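**Student:** Just the structure for this:
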Amino acid sequence: MKRLGSEQLKLVFESLGANPRVVASGNFATPLTLLALFDACVPEYRLHMLNAQPGIPDREGVSYESAFVGAGMRRHPRLNYVPCRLSLVPVLFRDHYEPDVVLLHTSSERDGKVSLGTEVNVLPAAIEAAKARGALVFAQVNPQMPYTFGDAEISVDDIDHLIDVDEPLATKPVGASSDVSSEVGRLISAKVSDGSTLQLGIGEIPDAVISQLHDRRDMRVFTEMFSDGVLGLERAGALDVEVLITASFVFGSAELYEWLHLNERVQMLRTEKTNDPGLIASQTKMTSINAALQVDLFDQANASRVRGEIYSGWGGSTDFIVGALHSRGGQSFMALPSWHSKANVSTIVPRLNDPVTSFQHSYVVTEQGVADCFGHSQSEQARNIIGQAAHPSVREELTEAAREMGLL
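**Tutor:** Model (predicted):
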């Protein structure tokens, strides 16, 4: 490991081969300083990030790759979307999309190690794939990044070059839940019992659910990501203090990051563990809560595409849906508003036109109610989705469509 200044680092970047594949910390832990230096030195490269946010380099010569598309790459003409469940992205790095360079955003050093902090995810696999082929690993070391434990800790010997930065972390804007999201949260939370294990995706509805669980006890968290809602559960005494909080990345407030720093109650694990359906299934009363753009009468969900164009990707929802359904006492909730106000259309449709992101959930939940799906015939399932989840204005239309499709 060598600690370099920016001018020395530029010389290393300029010596790289043509059009390298660069894997960088994604989500809300983008190594902004390191990435800007790299971009200034390398005329052409492929940037591979998960859920990349605005502010990444965008110019001719920079092409994008992602298995989960964030706002920084969405609808971009130079985007190459790679369909892949999050749990399998490490296989991509090992066998198909091998990294030539890895750019990390880490904490300060501690006992010969740094921590990946808020963003572990697929990065350990990227580091291993890079090392296996003699590629270089760089890190920007930032005292503002929380030091977290588990697979987040990596030896400084696994990093070829470090650069010191002092860079604020992205924080999650605070916003009030809409009436629709609050109602969906209320309906889901009513079905979550003491002792359940939670997985919640990103968004208004998962936030609304967790805010209404403060009166539960012995709750557990085994999830891909979490935000300030988990801190709220901890302070309310809702969590089982004997069980570690497990996640792969975190996004929230400065207060959440301060709580996360050196907190041994939290273990940050690599994606292959948090998103392993077998490990998910082994959790007590695994409760998976995810959001969709559309659901059809076959209980198929589209959470990835808008008018045929990729919007996000599979992410980890498919891993957790399968794991939750195999868990004893587990439940999988697919949540969405019944009506898309901007497009002025129903989100419950007869049959998806876009590719399916996931299928077969325990419940489909909108502000209209809770549609019981798993364990029912396809006719009962369709009838429940129409009667309990669809907007009243389209129930007759959906019923007629269901008859034409032979569901009723």
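**Student:** going forward, measure contacts and count neighbours with C-alpha atoms only.
**Tutor:** Noted.
**Student:** And the strands in the stretch 201-350 of the chain?
**Tutor:** Assigned by DSSP state E, counting those that start in this stretch, the stretch 201-350 of the chain shows strands spanning 220-221, 225-226, 245-247, 249-250, 266-268, 286-291, 294-296, 300-302, 305-306, 309-310, 331-335, 339-340, 345-346, 348-349.
**Student:** Using a markdown table, lay out these together with mean neighbour count and distance to residue 169.
**Tutor:** Formatted as a markdown table, these follow (neighbours: other CA atoms under 10 Å; distance: least, CA to CA, whole Å):
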| stretch | mean neighbour count | distance to residue 169 |
| --- | --- | --- |
| strand 220-221 | 26 | 24 |
| strand 225-226 | 24 | 16 |
| strand 245-247 | 24 | 18 |
| strand 249-250 | 24 | 11 |
| strand 266-268 | 23 | 18 |
| strand 286-291 | 27 | 26 |
| strand 294-296 | 27 | 33 |
| strand 300-302 | 24 | 31 |
| strand 305-306 | 16 | 29 |
| strand 309-310 | 14 | 28 |
| strand 331-335 | 27 | 30 |
| strand 339-340 | 18 | 33 |
| strand 345-346 | 16 | 38 |
| strand 348-349 | 26 | 38 |
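**Student:** Neighbours of residue 323, how many?
**Tutor:** 25 (other CA atoms under 10 Å).
**Student:** Residue 65 now?
**Tutor:** With neighbours defined by other CA under 10 Å, the count for residue 65 comes to 22.
**Student:** cool, the one 10 residues further on as well?
**Tutor:** Residues contacting residue 75 under the criterion other CA under 10 Å number 14.
**Student:** go on, residue 214?
**Tutor:** Residue 214, neighbours per other CA under 10 Å, totals 18.
**Student:** for it, what are its contacts?
**Tutor:** When contacts are counted by CA atoms under 8 Å, 6 or more residues apart in numbering, residue 214 touches 232, 233, 236, 237, 238.
**Student:** make it 10 Å
**Tutor:** Residues in contact with residue 214 (CA atoms under 10 Å, 6 or more residues apart in numbering) are 229, 230, 232, 233, 234, 235, 236, 237, 238, 239.
**Student:** and it, what pLDDT?
**Tutor:** Looking at residue 214, its pLDDT is 97.
**Student:** Residue 9 too?
**Tutor:** For residue 9, pLDDT reads 86.
**Student:** before we move on, back to that, now for the contacts of residue 214: which two are most distant?
**Tutor:** 229 and 237 (12.7 Å; CA to CA).
**Student:** what about those two, which has more around it?
**Tutor:** residue 229 (21 against 15).
**Student:** For residue 49, see how far away the more buried one is.
**Tutor:** According to CA to CA, to the nearest Å, residue 229 stands 26 Å off from residue 49.
**Student:** How about residue 9?
**Tutor:** Distance from residue 9 to residue 49, by CA to CA: 21 Å.
**Student:** can you check residue 275 too?
**Tutor:** Residue 275 is 18 Å from residue 49, by CA to CA.
**Student:** hang on, the earlier thing: tell me the most packed of the contacts of residue 214, by neighbour count.
**Tutor:** Busiest of the contacts of residue 214 [other CA under 10 Å] is residue 239, holding 26 neighbours.
**Student:** Bridged to that residue, which residues?
**Tutor:** For residue 239, the beta-bridge partners are residue 219 (DSSP bridges).
**Student:** who's in contact with it?
**Tutor:** 194-197, 214, 216-221, 230-233, 245.
**Student:** now, among those residues, which is nearest to residue 81?
**Tutor:** The closest of the contacts of residue 239, once distances to residue 81 are taken by CA to CA, is residue 221, at 30.3 Å.
**Student:** residues contacting residue 156?
**Tutor:** Here residue 156 is in contact with 1, 2, 109, 110, 111, 112, 113, 114, 115, 139, 162 (CA under 10 Å, 6+ apart).
**Student:** That should have said residue 20, apologies.
**Tutor:** Counted by CA under 10 Å, 6+ apart, residue 20 has contacts 42, 44, 45, 46, 47, 98, 99, 100, 101.
**Student:** residue ranges with poor pLDDT in the protein?
**Tutor:** For the chain, applying pLDDT under 70 flags the ranges 1.
**Student:** Please repeat the previous calculation with a cut-off of 90.
**Tutor:** 1-10, 17, 172-177, 200-207, 307-308, 314-315, 341-343 (pLDDT under 90).
**Student:** Where do the helices of it begin and end?
**Tutor:** 6-14, 32-41, 89-95, 123-132, 179-189, 204-210, 228-235, 254-260, 271-274, 277-281, 317-326, 378-384, 395-404 (DSSP state H).
**Student:** Tabulate the ones you listed (TSV), appending distance to residue 25.
**Tutor:** Formatted as TSV, these follow (distance: least, CA to CA, whole Å):
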stretch	distance to residue 25
helix 6-14	18
helix 32-41	10
helix 89-95	14
helix 123-132	7
helix 179-189	30
helix 204-210	24
helix 228-235	21
helix 254-260	17
helix 271-274	13
helix 277-281	24
helix 317-326	20
helix 378-384	41
helix 395-404	44
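**Student:** and among these, the most buried is which?
**Tutor:** helix 317-326 (a mean of 25; mean count of other CA atoms under 10 Å).
**Student:** Could you report the neighbour count for residue 155?
**Tutor:** Neighbours of residue 155 (other CA under 10 Å): 14.
**Student:** scratch that, residue 342 is what I was asking about
**Tutor:** 6.
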